[in-house]
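Trainee: coords please:
(one chain, ligands or ions: 1)
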Amino acid sequence: MLEKILQSKQKEVSELVLPPQEDVTHYSLFEALRAPTRQTALIAEVKKASPSKGLIRADFNPVEIAKGYQAGGADAISVLTDRDYFQGDPTYLSAVKRAVQLPVMRKDFIIDEAQVEETVRIGADAMLLIVGAVPINKLKQLYDLAYAKGLECLVEVHAKEELEELLSAFTPKIIGVNNRNLKTFETSLSQTEEMAVLIPESSLFVSESGIFTKADIDRVQKAGAAGVLVGESLMRADSPEQGISELFGGEARVSPS
Ligand SMILES: O=C(O)c1ccccc1NCC(=O)[C@H](O)[C@H](O)COP(=O)(O)O
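Mentor: The predicted model follows:
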């Protein structure tokens, strides 16, 4: 699946027209994850559809969802901007960014410098980089370019070998372990448990995908994750606030959001 998505991205990049610069206030993803609202930091995702689940939420209003996430105590927001596979759009991120006072991360498949510039222009605070989407040297160049432009990165791995390759090249400030196998689409939290021991203490560690319950959060937190990235379970909730409250089993907030 990743190869198919990356092929579409190549075409998209070759046709990319950069939008005008959004004028927004920026918030640090790293700092937000370091001082979370609850014991485990939450990056709540705005995702209409996905390759694995198809349409997740038909009545999709990205701004209202993001405002609900903020009201529910999310520490940061992730917005899917990929059109072809997730029914996302870069303009959703700009609209969300204007509506909330939280760090907003662009979740897309970044393979080229022009997309980094686009990510800056749409107003994002951070973006996802996926190990395996580009050669590791290129990934490091994109990472350095992003930070030079004031963008933070969540660097994502799907396998132990990818994590080892990443750490042999550089140590990102924020590392995500994605629990989803991109060939089978199955999610397994044991991915997080197996890779946790390899994550350097200096990096913030986020467990991504397949997190649906408080028991799931407790499990990845026990393994060493400082934060979780959650999409589907929140997108299927009656309301974003209720979804967060249920996801955390009613856990009280330790710091105001
Ligand atoms: O979600 C998918 O089907 C998917 C397929 C191929 C590449 C990436 C994919 N998802 C991106 C994500 O990593 C998730 O949206 C994110 O971690 C949240 O996962 P979940 O809570 O399971 O919706």
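
Trainee: just how off-centre is stretch 105-119 within its chain?
Mentor: Chain-centre distance of stretch 105-119: 13 Å, with Cα atoms, centre = their mean, to the nearest Å.

Trainee: how about low-confidence regions in the stretch 51-200 of the chain?
Mentor: Low-confidence segments of the stretch 51-200 of the chain (pLDDT under 70): none present.

Trainee: What sits closest to the residue in it positioned nearest to the ligand if chain neighbours are left out?
Mentor: Nearest residue of the stretch 51-200 of the chain to the ligand: S52, at 3.1 Å (Cβ to the nearest ligand atom). Where C-beta positions appear, they are placed from N, C-alpha and C, glycine not excepted. Using Cβ to Cβ, 6 or more residues apart in numbering and skipping the chain neighbours, the partner closest in space to S52 is F185 (3.9 Å).

Trainee: Backbone dihedrals for the one you found, please?
Mentor: phi 70, psi 0 (degrees, to the nearest 10).

Trainee: All further residue positions should be reported with the first residue as 57.
Mentor: Let's use 57 as the start, then, which means that last one is F241.

Trainee: Quick check: it touching P107?
Mentor: Yes - using Cβ atoms under 8 Å, F241 is in contact with P107, at 7.3 Å.

Trainee: what touches both of these two?
Mentor: Taking Cβ atoms under 8 Å, 6 or more residues apart in numbering as the contact rule, F241 and P107 both touch M57.

Trainee: For burial, what's the neighbour tally of A151?
Mentor: Using other Cβ atoms under 10 Å, A151 has 18 other residues around it.

Trainee: Over to P296?
Mentor: 22.

Trainee: Regarding it, what are the backbone dihedral angles?
Mentor: According to degrees, to the nearest 10, P296 has phi -60, psi -40.

Trainee: The closest residue to it other than its chain neighbours: which element?
Mentor: Once flanking residues are discounted, P296 sits nearest to G124: 2.9 Å by Cβ to Cβ, 6+ apart. G124 belongs to helix 118-127 when elements are defined using DSSP states H and E.

Trainee: cool, and L210?
Mentor: Per DSSP H and E: L210 is located in strand 208-213.

Trainee: Strand partners (parallel or antiparallel) of that strand?
Mentor: Strand pairing for strand 208-213, determined by DSSP bridges: strand 182-186 (parallel), strand 230-234 (parallel).

Trainee: helices and strands around the helix or strand where L62 lies, which ones?
Mentor: Per DSSP H and E, L62 falls inside helix 58-70. If contacts are counted by 3 or more Cβ pairs under 8 Å, 6 or more residues apart in numbering; DSSP states H and E, helix 58-70 sits against helix 139-142.

Trainee: quick check: angle from the helix or strand following the helix it packs on to strand 182-186?
Mentor: For helix 139-142, the following helix or strand on the C-terminal side (DSSP H and E) is helix 146-155. Between the axes of helix 146-155 and strand 182-186, defined by axes from the mean of the first three to the mean of the last three Cα atoms, to 10 degrees, the angle is 140 degrees.

Trainee: Can you confirm whether helix 146-155 lies near the ligand?
Mentor: No - Helix 146-155 stays clear of the ligand (Cβ under 6 Å from any ligand atom), getting no nearer than 14.0 Å.
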